[in-house]
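# pasting the sequence and the predicted coordinates here, then a few questions.
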Amino acid sequence: MSIRKKILSNEFTVPEYLKISHFPSLDGIRAISVFIVLIAHGNAEFNVGFFNSTLAGGVLGVYIFFVISGFLITTLLLKEKVKTGTISLRNFYIRRGLRILPVAYLYLFTLFIMHIFFGLKVAPIEFAGCLLFLGYFHTGVYTGHFWSLSVEEQFYIVFPSILKRNYRLYINFLLTLLVLILMVKAIDVNSLHMSHHIVTIFSIFKELIYRPDGIIIGSLLAICMFKGIFPMDFVTKYKVLLHIVCIPLIVVFFNDLLFHSIFNSLITAVLIAVLLASNLKPSTDPIFKFLNIRILKRIGVLSYSTYIWQQLILFRFNNIFGDSRYTY
């Protein structure tokens, strides 16, 4: 059967290496991702050029989270579909809600209290955007990181329902969205000779679909594994070599260090996906041992909470009672 027919087929098989309920190395990778964010945001105080150019303001760490999310959520949904023949959206949204909302809303409530009693400058529109997970519009210093939560929440809302209803439609949706993202990235808003209203509408549309390419690649990675077309033996055999090659390439492509291209973040997501896949199987190599150090795994488990609260802690204290506008 051709790769195209395998991809479009409604038949799924759960590979042995995906049957486990918890992938041990992913917590270690999450820990590295949140370290990237912490170092980059902590560097806002010191402005060390090396960290600015290498870590891309912490967005590189977020992209790793995106690939992990796309992979894990798709894997969980497909495993449920194989086992039960369907996907319970109700159970999915309850699980995601309990995971995401309490920490995020507690953080916003804390900001609100500090705003009321201590003069923290957070605009009402910032609270509204974050509460509704439209956090790429009108954010400030202490809410700027909600752009990534907005991307993920919209993924949770849209993608699983399409996957449940029609798998082929889901595949076409992912591929179409990828093409659309690339097209949008290729258009310079400032060069559009159109009315201000049209440019504004396009800018809003661009913000809505600009960033989920990492999630899409993670989802496609899971699908390729279920379809048996991902070269798992190859990436496992050459795991160390792939890390030596891919990690510098991730930094180069994500930061446009060689050339600027609409494909750079997409290539970065693919490289991250390859490294993620290479660490799914338990092994005795030093990379697996490092990713599964107890303290690193613990930090990975707490990575979401750490990501939410670091924004309030790491930026300069004198911003607390000053202007909180911040462009992410």
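Perfect, I can see it now.
# surely residue 300 touches residue 25?
No - counting by C-beta atoms under 8 Å, residue 300 does not reach residue 25; the two are 9.2 Å apart. C-beta: built from backbone N, CA, C; applies to glycine.
# mind listing the helices for the stretch 101-250 of the chain?
Using DSSP state H, counting those that start in this stretch, the helices found in the stretch 101-250 of the chain span residues 124-131, 146-165, 167-186, 196-209, 213-226, 232-237, 239-254.
# any idea of the mean pLDDT in stretch 62-74?
Across stretch 62-74, the average pLDDT comes to 95.
# apologies, that question was intended for stretch 81-101.
Stretch 81-101 comes out at a mean pLDDT of 94.
# one more: stretch 151-171?
92.
# so for it, what gets flagged as buried?
Using 16 or more other C-beta atoms under 10 Å as the test for burial, stretch 151-171 gives 151-156, 159-160, 163-164, 167, 170-171.
# what's the closest of those residues to residue 179?
residue 171 (13.0 Å; C-beta to C-beta).
# re the thing from before, the helices of the stretch 101-250 of the chain: which one's closest to residue 270?
The nearest among the helices of the stretch 101-250 of the chain, by C-beta to C-beta, is helix 213-226 at 5.8 Å.
# distance check, residue 139 against residue 216.
23 Å (C-beta to C-beta, to the nearest Å).
# can you report phi and psi for residue 293?
As for residue 293, its main-chain torsions (degrees, to the nearest 10) stand at phi -60, psi 140.
# all numbers from here: first residue = 34
Renumbered: residue one is now 34, and that last one reads residue 326.
# wait, it touches residue 61, no?
Yes - Residue 326 is within contact range of residue 61, at 7.1 Å (criterion: C-beta under 8 Å).
# more crowded one of those two?
residue 61 (21 against 12; other C-beta atoms under 10 Å).
# out of the helices of the stretch 134-283 of the chain, nearest to residue 338?
With C-beta to C-beta as the criterion, residue 338 lies closest to helix 179-198 of these, at 12.5 Å.
# which elements pack onto the closest one?
With contacts defined as 3 or more C-beta pairs under 8 Å, 6 or more residues apart in numbering; DSSP states H and E, helix 179-198 has these neighbours: helix 92-117, helix 122-151, helix 157-164, helix 200-219, helix 246-259.
# how close does the residue most central in space within the chain get to residue 254?
In the chain, the centroid-proximal residue (C-alpha atoms, centre = their mean) is residue 99; its distance is 1.7 Å. For residue 99, the distance to residue 254 equals 12 Å [C-beta to C-beta].
# pretty sure the residue nearest to the centre of the chain sits against residue 247.
Yes - under the criterion of C-beta under 8 Å, residue 99 makes contact with residue 247 at 3.2 Å.
# common neighbours of those two, please.
Jointly contacting residue 99 and residue 247 under the rule C-beta atoms under 8 Å, 6 or more residues apart in numbering are residue 302.
# OK, contacts around residue 101?
Contact analysis of residue 101 by C-beta under 8 Å, 6+ apart lists 59, 62-63, 66, 251, 309.
# what's the closest of the residues you listed to residue 118?
For the contacts of residue 101, the nearest to residue 118 is residue 251 (24.2 Å; C-beta to C-beta).
# out of everything not next to it in sequence, what's closest to that closest one?
Spatially, and ignoring its direct neighbours in sequence, residue 251 is nearest to residue 103 (2.5 Å; C-beta to C-beta, 6 or more residues apart in numbering).
# you'd agree the one you found is up against residue 255?
Yes - the criterion here is C-beta under 8 Å, and residue 103 meets it with residue 255 at 7.4 Å.
# who's more crowded, the two?
Between residue 103 and residue 255, counted using other C-beta under 10 Å, residue 103 has the larger neighbour count: 27 against 23.
# need the contact list for that one.
188, 247-255.
# ok, 6 Å please
Going by C-beta atoms under 6 Å, 6 or more residues apart in numbering, residue 103 touches 248, 251-252.
# which of those residues sits closest to residue 167?
Using C-beta to C-beta, the contacts of residue 103 come closest to residue 167 at residue 248, 17.0 Å.
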